[in-house]
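1. My questions concern the predicted model and sequence given below.
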Amino acid sequence: MGSAVTLARVLADPQASGALDAEGWTALIATARAEQLMGTLAYRVEGLPMPWSVAAILVDARAAAEHGRRAALWEAEMARRALGGVDCPVLLLKGTAFVAGGLLVGRGRSIGDLDILVPRDALDAVEAALLAHGWEWVKPDAYDDAYYRRWMHELPPLIHRTRDRMIDVHHTILPPTARPKPDAAALIAGSVELVNGLRLLSPADMVVHAAAHLIADGDLAGGLRNLWDIDRLCREFEEDDADFYLSVMEAAWYHNLWHETGRALRLARQIFGTPVKAYDIPIRFRFDEVWSDQWFRRRLLARDNWGRATQPATRFGFYVRSHWLRMPPALLARHLWTKWRAQRRSSAPTSSS
C-alpha cells in the first residue's frame, strides 16, 4: 500500500492510524507534509493513541496551522480595508474562504496566497487600490504582465512590500482560453455576504470551483488536498441540504463544468469514501467509476514512503494535459517558445570587460 493511500485512509477514518507502526507513522507524516495536509492530519488524529514523538510533531503542526489561519484572516482584512473605497463585491476563494466562513474544511488547512474574485470591469480600480496600499508586482517582466492580462483569469500576482504576502486577483475561475467557460457574473451574483462585507461563493459553487481547480486548471499537483476540500465541503453542506449534490451538479451544468465536477466527485468517493448521491430526476447523473479515473488516482496518489514523488511518466502526462487544457495549440506553442527563449537569454553567460 502506498503512503498516499494510507494518508487518504487515515484522513477519512482517523481510527485507522491505530494500525501504524513507527515506520508507518514516518511515511504518513512525510506524505502529509509533501501534500500540504500536515495540519489537517494533525487535527484529524488529535487525541488518538500514537507514539510520543509523533504527538509532539503534530502539536507543532496544529500550532503552525493556527498561525496560518490567523495570518490568512488578517490578510483578508487588510485587503478589505484597501478595497473599501472600490464599489464592487469582493469574494474570498479557496483556503481563506474556508476559514473566514468557519467551515470544517478550514480546520488545519494549509493556506498560501490570498485569492479573491472581483468583477472584471472593476479590475482597474482594484489594482490601483492595492498598489496604493503597499502591494507591488511579483513579475515585472513585460511579457508575463501582458500574458496575464490578455490570457489569464487573474491579474499578475502581487505581493505586499512589508508583510511579504501574495494576493491573486481573479476575475473568473478558469483562464478565458480554457474549454469550459464558467459564468463569473453568476458566481458573484450567487455569493454569500459575511458580516465584514466580504463574500464567499455559494456552497454549490464552492464545490464546483474546487472541482474546476482540481480537474480543469492544472497538473493535479497538490491534488489530494484539493480533493479533501471537496470531500469536507460535501459532507458539511449535505448535512443542511439533503439535495446538495443535485444543487452541485445543476451549478456544474450551468458553468460548463459538468464532466469536471462529476469526475472530482467520483474521485472523492473512490479515495475518501465521500457519500455522493446519484439522481434520476430532475436531471440524471451517476458516480460510477469510469476507466480513465484510474489515471487520475494514479497521479493523485503518486508518493513513496518518504513522501517523494513517484510515477514520473504519469506526472509528465498530466503536466502536458494541463497546458493543453489551458491554451489552444498555436497559443501554447508560441507561449512555450517565448518562455524558452527568455530562459536561454537569462542563463547565457555575460561577457566581461
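-> Now that the structure is in, tell me what you want to look at.

2. what's the neighbour count on the closest residue to residue 296 other than its chain neighbours?
-> Of all residues not flanking residue 296 in the chain, residue 267 sits nearest, at 5.7 Å (C-beta to C-beta, 6 or more residues apart in numbering). Quick note: C-beta positions are derived from backbone N, CA and C, even for glycine. By the criterion of other C-beta atoms under 10 Å, residue 267 has 26 neighbours.

3. And residue 29, by the same measure?
-> For residue 29, the count of nearby residues is 20 (other C-beta under 10 Å).

4. and the gap between it and residue 4?
-> Residue 29 sits 13 Å away from residue 4, going by C-beta to C-beta, to the nearest Å.

5. Could you give the bridge partners of the spatially closest residue to residue 93 that is not a sequence neighbour?
-> Distances taken as C-beta to C-beta, 6+ apart place residue 115 nearest to residue 93, at 4.0 Å, with adjacent residues excluded. When bridges are called by DSSP bridges, residue 115 pairs up with residue 93, residue 168.

6. Just list the residues touching residue 69, thanks.
-> Residue 69 makes contact with 99, 106, 109, 111 under the criterion C-beta atoms under 8 Å, 6 or more residues apart in numbering.

7. Tell me how far it lies from residue 243.
-> In terms of C-beta to C-beta, residue 69 sits 31 Å off from residue 243.

8. Help me confirm that residue 92 comes into contact with residue 118.
-> No - the criterion here is C-beta atoms under 8 Å, and residue 92 misses it with residue 118 at 11.0 Å.

9. Between the two, which has more neighbouring residues?
-> residue 92 (26 against 22).

10. list the contacts for that one?
-> 76, 100-101, 114-116, 198-200.

11. Next, format those as TSV and append pLDDT.
-> Below are the contacts of residue 92 laid out as TSV (pLDDT from 0 to 100):
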residue	pLDDT
76	98
100	98
101	97
114	97
115	96
116	98
198	98
199	98
200	98
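
12. Turn these into TSV, columns for distance to residue 284 and neighbour count.
-> As requested, these are exported to TSV (distance: C-beta to C-beta, whole Å; neighbours: other C-beta atoms under 10 Å):
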residue	distance to residue 284	neighbour count
76	39	22
100	35	20
101	31	17
114	39	26
115	34	21
116	36	26
198	37	22
199	32	20
200	30	21
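
13. Looking at these, spot the one nearest residue 46.
-> residue 101 (21.8 Å; C-beta to C-beta).

14. Name the nearest residue to the closest one, ignoring sequence neighbours.
-> Excluding its sequence neighbours, the residue lying closest to residue 101 (C-beta to C-beta, 6+ apart) is residue 200, at 5.1 Å.

15. for the longest helix along the chain, which positions count as buried?
-> What stands out as the longest helix in the chain, according to DSSP state H, is helix 52-82. For helix 52-82, the neighbour count (16 or more other C-beta atoms under 10 Å) marks 54, 57-58, 61-62, 65, 68-69, 72-73, 75-76, 78-80, 82 as buried.

16. Now do the strand or helix carrying the residue nearest to residue 296: which elements does it pack against?
-> Per DSSP states H and E, residue 267 falls inside helix 258-272. Using 3 or more C-beta pairs under 8 Å, 6 or more residues apart in numbering; DSSP states H and E, the elements in contact with helix 258-272 are helix 3-12, helix 203-211, helix 223-240, helix 244-254, helix 293-300.
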